[in-house]
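Trainee: Could you look at this predicted model? Sequence included:
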Amino acid sequence: MAIRLRQAQPCLWTNPERLEHPPATLEALGRSISLDDTKAAAARLKRFEALLAQVFTELADAKGVVESPLLPAAALKPVLGLQPGQGNLFIKADHRLPVAGSIKARGGMHEVLEFAEQLALKHGLVSQSGDEHAYLALAGTAAREVLGRYQVAVGSTGNLGLSIGVVASALGFKAAVHMSADAKEWKKERLRQRGVLVVEHAGDYERAVAAGRSQAGADPTCHFVDDEQSFSLLLGYSTAALHLQKQLAEQGIVVDAGHPLIVYLPCGVGGAPAGITFGLRQLLGPHVHCFFAEPVQSPCFLVQMLGGQAGLASGSAHPSVYDWGLTNQTEADGLAVPRASLLAAELMAPLLSGGFTVADDTLFAHLVQVLDALGERIEPSAAAGFSGPGMLTGTDAGQAWLRSTGVGEVLPQATHLVWTTGGLLVPDAQYQGFVKRGRDLLAARD
Ligand SMILES: Cc1ncc(COP(=O)(O)O)c(C=O)c1O
């Protein structure tokens, strides 16, 4: 497996450290974290719903709730290599998430709102009791004048920047987004149009984050959203689990020993998929299996789980994909990250079932197949999870995992859930380019 990873060949890793029954409270970066923290984050998002519905017209109908549908995707099973009797297929359609258009929405919003809430309490703009309608005061001129004295900054490959920049500027904050070289021009343009300061960096994601962190560190009125180690972000992402639990129940999808739920999540630095995995495992128990999907040239999470975790106990092993001879070059811009979040890696060691890598060509093929079979528009990063079912059913490593966990015996009743993580805001011209590349690849295969 390590050889294939080094050669940038698609491969599957399964986690020998996974615990069936992890403790309810876990430790990461020296801090405890439990489902109560996820519930507190969900309660915070709820307190802001009325305000969000007022500030963002696209949230008016949803009354300020930022959530995505759970969609049946049986029509895709044949192209993913799922045979009859190998389980049901759904997608969790975060590519449709309003305002930010990606999985980074919940976390980004949560952290900006938590900062706004702290300031609002400190400056007496809202009361401690936090009634939902009291938060509407934050849309008023007095509150905006106070928030306008502060800046929110972030380093991003693009989608976190969109989420933070759009929400921060809508609340009246000054906002600065440090973008890596991979970030797409249209994402920068969209932010500039909303008055967000876009700082471009020639280097990769890690450099953009480091530059943002050090600039913000020098300014006491600046809050830096740290994608590599923020608990607030991670807890915001984790609230998706509470919503998914309701959606599963509404659609009659049972999760138990006879009906495992296998979730495939695209992974960049690891914060978003780790937050969701944390929430799902702690909420739904041992029969949820989460796998992270990464580009063959940017498998930072796999590199961390394979080489880094053991070293961390003794020192500070934090390998990058460059150490493995990989380039970190991928069209999946949201996943172009060279080194994993240590917060995410530490939290995932006992919870994650495994991870796999995907070639860029496969992302484009799946992007087109998703369009043709379901009519859904996703971006390349968001297609990474679609290789998951085939990895489990069609490789030796996958079949060994199915046997050793017992999941293989109940596979006909299993639910495969592919998390589609972005796409809503991709401009049409860009999207048509993705489709053309995918169609050309599929035609060449025929
Ligand atoms: C579309 C998309 N999917 C998945 C991810 C992965 O999230 P994370 O970097 O927190 O692992 C990102 C990150 O920006 C993204 O933009």
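Mentor: In hand now; what should we look at? Since this is a predicted model, take the numbers as computed values, not measurements.
Trainee: The residue of the stretch 301-446 of the chain at minimum distance from the ligand: what's its closest spatial neighbour, skipping adjacent residues?
Mentor: Here the residue of the stretch 301-446 of the chain nearest the ligand is residue 334; by Cβ to the nearest ligand atom that distance is 2.3 Å. All C-beta spots, glycine's among them, are computed from the backbone N, C-alpha and C. Counting by Cβ to Cβ, 6 or more residues apart in numbering, residue 334 lies nearest to residue 381, which is 3.7 Å off, once chain neighbours are set aside.
Trainee: hang on, that neighbour is in a strand, isn't it?
Mentor: No: counting by DSSP: H, G, I helix; E, B strand; the rest coil, residue 381 falls outside a strand, being helix.
Trainee: Run a quick neighbour tally on it.
Mentor: Residue 381: 31 surrounding residues under other Cβ atoms under 10 Å.
Trainee: Return the residues in contact with it.
Mentor: By Cβ atoms under 8 Å, 6 or more residues apart in numbering, the residues touching residue 381 are 159, 266, 268, 332-335, 363, 421-422.
Trainee: Filter these down to just the ones in strands.
Mentor: Mapping the contacts of residue 381 onto strands (DSSP state E) picks out residue 266.
Trainee: Max pairwise distance over the contacts of residue 381: which two?
Mentor: 159 and 363 (15.4 Å; Cβ to Cβ).
Trainee: same question for stretch 272-281, mean pLDDT?
Mentor: Regarding stretch 272-281, the rounded mean pLDDT is 98.
Trainee: Just the CA atoms of that stretch, as CSV, please.
Mentor: Output of stretch 272-281 as CSV, limited to C-alpha atoms (Å, rounded to 0.1, in the frame of the first residue of the first chain):
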residue,chain,number,x,y,z
ALA,A,272,-14.2,19.1,7.7
PRO,A,273,-14.2,15.3,7.3
ALA,A,274,-12.8,14.9,10.8
GLY,A,275,-15.5,17.1,12.3
ILE,A,276,-18.2,15.1,10.5
THR,A,277,-16.7,11.7,11.4
PHE,A,278,-16.4,12.8,15.0
GLY,A,279,-20.0,13.8,15.1
LEU,A,280,-21.2,10.7,13.3
ARG,A,281,-19.2,8.2,15.3
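Trainee: what's it in contact with?
Mentor: Against stretch 272-281 from outside (Cβ under 8 Å, 6+ apart): 22, 26, 33, 35, 38, 103-104, 107, 233-242, 244, 261, 263, 265-267, 288, 290, 292, 341, 343-345, 347-348, 351-352, 419, 421.
Trainee: in the helix or strand harbouring residue 43, what counts as buried?
Mentor: In the assignment (DSSP states H and E), residue 43 maps to helix 35-47. Neighbour-count burial for helix 35-47, counted by 16 or more other Cβ atoms under 10 Å, picks out 35, 37-39, 41-42, 44-45, 47.
Trainee: Which of those sits closest to residue 65?
Mentor: Nearest member of these to residue 65, counting by Cβ to Cβ, is residue 45, at 8.2 Å.
Trainee: Pull the contacting residues for that closest one.
Mentor: 66, 106, 109-110, 113, 236, 239.
Trainee: Make JSON lines from the buried residues of helix 35-47 and add pLDDT to it.
Mentor: Below are the buried residues of helix 35-47 laid out as JSON lines (pLDDT from 0 to 100):
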{"residue": "35", "pLDDT": "98"}
{"residue": "37", "pLDDT": "98"}
{"residue": "38", "pLDDT": "98"}
{"residue": "39", "pLDDT": "98"}
{"residue": "41", "pLDDT": "98"}
{"residue": "42", "pLDDT": "97"}
{"residue": "44", "pLDDT": "95"}
{"residue": "45", "pLDDT": "96"}
{"residue": "47", "pLDDT": "94"}
